[in-house]
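Visitor: here is my input, please return the structure:
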Amino acid sequence: MVLNQQALEIAIQTVTQQLCHSGLPGLQEIRGLPVYLFDSLSSTNQTLWELLDRGTTPPTVVIAAQQTAGRGQWGRQWQSAPGGLYLSLALTTNLAASNSAQLTMCSAWGVATALRSYGIPVLIKWHNDLLLLGYKLGGILTETRLSQGQITKAVIGIGINWSNPVPETGINLQSFFETQPTSPAVTSIEMLAAIVIQGLRSGYHYGLESGIDNLRLSYQGLLFHQGASIQVNGNPGIVKGVTSRGDLRVGLTSADATDANADAAISPEIHLQPGTISLGYPQDVP
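Guide: A predicted model of the protein is given here:
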C-alpha cells in the first residue's frame, strides 16, 4: 500500500524536530519539498529523472510502495518487494565529475547517522550499503548528469527493508524491533521515509558546509570493515578507511606478517575505486 501523504507530512515535521534535538549535522528545514507517492513503479530513479526532464526542480522526492525493475549498483537488479521503502531524491550540485562517489558517501553517512539517532545501530558497508547487526538493511544507487566535467544534477535512490521479505544476508526493521526489549522508536513507514529524507539532505549539506574531510572522518567511524583484514588480488591487506573522493584505503601487508609485526609490515596504502572490490557480508564466510 502506498504511503499516506498526510501522515508523511506530519512525520517530516516530527522527525525534523527530533533530529534537530539530537544535533544531526547539516540538518535542513523542509518547506515545500515536492514528494510524489506511487503504489508501483518500474524504478523511482527513472521516474524522478522523467519528472526532471519535464521541468520539475530539485530537490524533489519520489517514493514507491514497490518497484518492478529497481536498479542496483553495476547494473544489478534491486529486489523491491512490497513492504520496503523505495525512495529517490533529486539534488542540484556542482561537484566535479571525479568526485561523484562523494554523493554516495554523504548519503550513506547521513542516513546511517539519522537512523542511529533513533537507536538503530546502523553501520556502513563501503561503499553503498547500510548494515544492521551485520546484515544488509538497505542500499544506495546514485545517478548523475554532467556538463563540462561538472555534476549538475544527481538522483540518489535508496531502498530500506521495513517489513518486506529479505534474503539470508538481509534484515528488515520489523524483525529487528521484535528482538528489542523496548518499543520501536520508528513506528511507521512514513516516519522511516521522513528519517531517510532528512538523512540524505543532511549528509549532502554537511559535506558541503563542513567539508568532505570532516564528514569522511565521521563516515570512517561507522565503516563496518574498518580495520578488517581483506584480500586484494590475492594479497593480504587492512582496511584503513576511505579517501575524500570515496575510494577505499587499504594498507597491504606481507604474506608472512604475524600479528606481532603486522604494523611494521604495512606498505604504503593503495586506494580502490568503488566497484573494484567487494567486501562481502559476514554471512558469506563459511
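Visitor: from now on I want contacts and neighbour counts done on CA atoms only, so please keep to that.
Guide: Noted.
Visitor: which stretches of the stretch 151-286 of the chain form helices?
Guide: 173-178, 189-210, 212-221, 262-265 (DSSP state H, counting those that start in this stretch).
Visitor: closest one to residue 42 among the ones you listed?
Guide: Of all the helices of the stretch 151-286 of the chain, it is helix 189-210 that lies closest to residue 42, at 19.1 Å by Cα to Cα.
Visitor: could you check the angle helix 212-221 makes with the closest one?
Guide: Taking axes from the mean of the first three to the mean of the last three Cα atoms, to 10 degrees, one finds helix 189-210 and helix 212-221 inclined to each other by 130 degrees.
Visitor: buried sites along helix 189-210?
Guide: 189-207 (16 or more other Cα atoms under 10 Å).
Visitor: contacts for stretch 179-195, please.
Guide: 3-4, 7-8, 11-12, 15, 85, 87, 111, 114-115, 118-119, 162, 177 (Cα atoms under 8 Å, 6 or more residues apart in numbering).
Visitor: scan those and report the most crowded one.
Guide: If you count neighbours using other Cα atoms under 10 Å, the busiest of the contacts of stretch 179-195 is residue 114, which has 29 neighbours.
Visitor: secondary structure element for that residue?
Guide: Assigned by DSSP states H and E, residue 114 falls within helix 101-116.
Visitor: helices or strands next to that helix in the packing?
Guide: Applying 3 or more Cα pairs under 8 Å, 6 or more residues apart in numbering; DSSP states H and E, one finds that helix 101-116 contacts strand 122-125, strand 129-132, strand 135-147, helix 189-210, helix 212-221.
Visitor: if we can go back for a sec, just the contacts of stretch 179-195 now: which is nearest residue 125?
Guide: Checking the contacts of stretch 179-195 against residue 125 with Cα to Cα, the nearest one is residue 111 at 12.8 Å.
Visitor: excluding residues flanking it in the chain, which one is nearest the closest one?
Guide: With sequence-adjacent residues excluded and distances taken as Cα to Cα, 6 or more residues apart in numbering, residue 111 is closest to residue 199, at 4.1 Å.
Visitor: what's the answer for residue 237, then?
Guide: residue 252 is the one closest to residue 237 (Cα to Cα, 6+ apart), at 4.0 Å.
Visitor: do the same with residue 223
Guide: residue 124 (4.9 Å).
Visitor: surely the one you found touches residue 221?
Guide: No - with contacts counted by Cα atoms under 8 Å, residue 124 stays clear of residue 221, the gap being 9.2 Å.
Visitor: which of these two has more neighbours?
Guide: Using other Cα under 10 Å, the more surrounded residue of residue 124 and residue 221 is residue 124, with 29 against 14.
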